[in-house]
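# Give me a 3D structure for the following:
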Amino acid sequence: MNAPLPWFRAYTEMIDDEKLRLLAFEDRWHFVALLCLKGQGVLEDAGPLLMRKVAVKMGLDTRTLEDVIRRLAEVGLVDQNTMQPLNWDTRQMRSDTDPTAAERKRRQRAKAKTGAGSSDVTDESRVTGHDVTRTDIDIDTDKDKEEVVEELVVVGGGHAADDATPAASPKQSGRPKAKTATRLPGGWVLPKAWGDWALQDRSDLTADDVRKEAEVFADYWHAKAGADAKKLDWQATWRNWVRRCDGPKPLARTAFGGGAQVNKQEALEQRNRAVAAAWVPPEMRAAQSSNRTGSY
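Numbering: from 1, shown residues only. Next up is the predicted model:
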């Protein structure tokens, strides 16, 4: 392995390894030092100065280093000619130093959280070094970027345009959206269907009465403030309004009619007749006034 390693794998079984237990304590450390030099890439240099470089690194003279390498080779831990630790490739994993491995794992975990599907990815084999097809990680696809069209909602008691059709969302939750209470729209006019219903439900009302109630209805709710001015269903509010409104006004009572009910025109005529009957010419009022003065 040519690339230097910041660390290497050391297994806990080392303390029970028979090969290491055959060595003296100082040679056990010498073996660990060789592993460090292997990770640093020092042992990859096959030049004539390799032995001297290793000796300097381990703080030994070359003759002592040769004896150390011989003892380590006798128990099967290193190669005596190259000083290479045996079984290094089987004990150290390529993924430990692969800079892309952590990123691939991060993407895999992110996809697992979002529930995205898996796809084939070409990667280099850790064992053979050749490209292989992997199926254990996910990649981004265009399907993951599908656009979501927001559902069109008509807010308020007004009517949407005839050609405005709500667009269905591709991802329906299956739960209907809760209606929102709104104020009576500005410029509201009584729909014909609402007026026809009022005439049918209240036979005592005329078309003029219904139109008048609609004007009062609109003025009342436009002027009202607070949360109570908002309603979920303005058609239902109109129906309740019609059911509770007063009917036609009773015929007016007049003192000139003996308590009988008369309409407005008749009451006006009776009033005029009473005023005319009570009218006294000026000369007669003057004579009456002088007679009263003389009586005192």
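
# Tell me if I am right that Leu184 is in a strand.
No: assessed with DSSP: H, G, I helix; E, B strand; the rest coil, Leu184 is coil; it does not lie in a strand.

# tell me, how many neighbours does it end up with?
Other residues within reach of Leu184, judged by other Cβ atoms under 10 Å, total 21. Bear in mind the C-beta positions are built from the backbone N, C-alpha and C, glycine included.

# Please enumerate the helices of the stretch 51-200 of the chain.
Ranges of helices in the stretch 51-200 of the chain, per DSSP state H, counting those that start in this stretch, are 62-74, 88-91, 99-114, 192-201.

# Can you say which of these is packed in most?
Most buried of these by mean neighbour count (mean count of other Cβ atoms under 10 Å) is helix 62-74; its value is a mean of 16.

# Which neighbouring elements make contact with that helix?
The contact analysis (3 or more Cβ pairs under 8 Å, 6 or more residues apart in numbering; DSSP states H and E) places helix 62-74 against helix 25-40, helix 50-58.

# Restrict the longest one to CA atoms and write it as PDB.
What follows is helix 25-40 as a C-alpha-only set of coordinates in PDB (Å, rounded to 0.1, in the frame of the first residue of the first chain):
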ATOM      1  CA  PHE A  25       8.400  -7.800  25.600                       C
ATOM      2  CA  GLU A  26      10.800  -5.500  23.700                       C
ATOM      3  CA  ASP A  27      10.300  -7.500  20.400                       C
ATOM      4  CA  ARG A  28       6.500  -7.100  20.800                       C
ATOM      5  CA  TRP A  29       7.000  -3.400  20.700                       C
ATOM      6  CA  HIS A  30       9.400  -3.800  17.800                       C
ATOM      7  CA  PHE A  31       6.600  -5.600  15.900                       C
ATOM      8  CA  VAL A  32       4.200  -2.800  16.600                       C
ATOM      9  CA  ALA A  33       6.800  -0.200  15.400                       C
ATOM     10  CA  LEU A  34       7.100  -2.100  12.100                       C
ATOM     11  CA  LEU A  35       3.300  -2.000  11.700                       C
ATOM     12  CA  CYS A  36       3.500   1.800  12.200                       C
ATOM     13  CA  LEU A  37       6.200   2.000   9.500                       C
ATOM     14  CA  LYS A  38       4.100  -0.100   7.200                       C
ATOM     15  CA  GLY A  39       1.300   2.300   7.600                       C
ATOM     16  CA  GLN A  40       3.500   5.300   7.000                       C
END
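
# residues in contact with Arg211?
Shown in contact with Arg211 (Cβ atoms under 8 Å, 6 or more residues apart in numbering): Leu190, Gly195.

# Against Leu34, how distant is it?
Using Cβ to Cβ, to the nearest Å, we find Arg211 at a distance of 104 Å from Leu34.

# likewise Pro191?
Applying Cβ to Cβ, the value for Pro191 to Leu34 is 93 Å.

# And for Lys212?
Distance from Lys212 to Leu34, by Cβ to Cβ: 105 Å.

# just to revisit the earlier point, any chance of the helices of the stretch 51-200 of the chain in CSV with distance to Gly39 as columns?
Output for the helices of the stretch 51-200 of the chain, formatted as CSV (distance: least, Cβ to Cβ, whole Å):
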stretch, distance to Gly39
helix 62-74, 17
helix 88-91, 9
helix 99-114, 16
helix 192-201, 86
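
# Please say which of Lys212 and Leu34 ends up with more neighbours.
Ranked by neighbour count (other Cβ under 10 Å), Lys212 and Leu34 place Leu34 first, with 24 against 13.

# what sits against that one?
If you count contacts by Cβ under 8 Å, 6+ apart, then Leu34 has Leu43, Val54, Met58, Leu72, Val78, Met83, Pro85 around it.

# Throw the residues you listed into CSV and include pLDDT, thanks.
Shown next, in CSV, are the contacts of Leu34 (pLDDT from 0 to 100):
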residue, pLDDT
Leu43, 86
Val54, 93
Met58, 92
Leu72, 93
Val78, 92
Met83, 91
Pro85, 93
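
# any idea which of those is closest to Asp27?
Leu72 (6.6 Å; Cβ to Cβ).

# and His30, how many neighbours does it have?
Neighbour tally, His30, other Cβ under 10 Å: 22.

# From Leu86, how far out is it?
15 Å.

# and the helices of the stretch 51-200 of the chain, which one is worst for confidence?
Comparing mean pLDDT across the helices of the stretch 51-200 of the chain, the weakest is helix 99-114, with a mean of 78.
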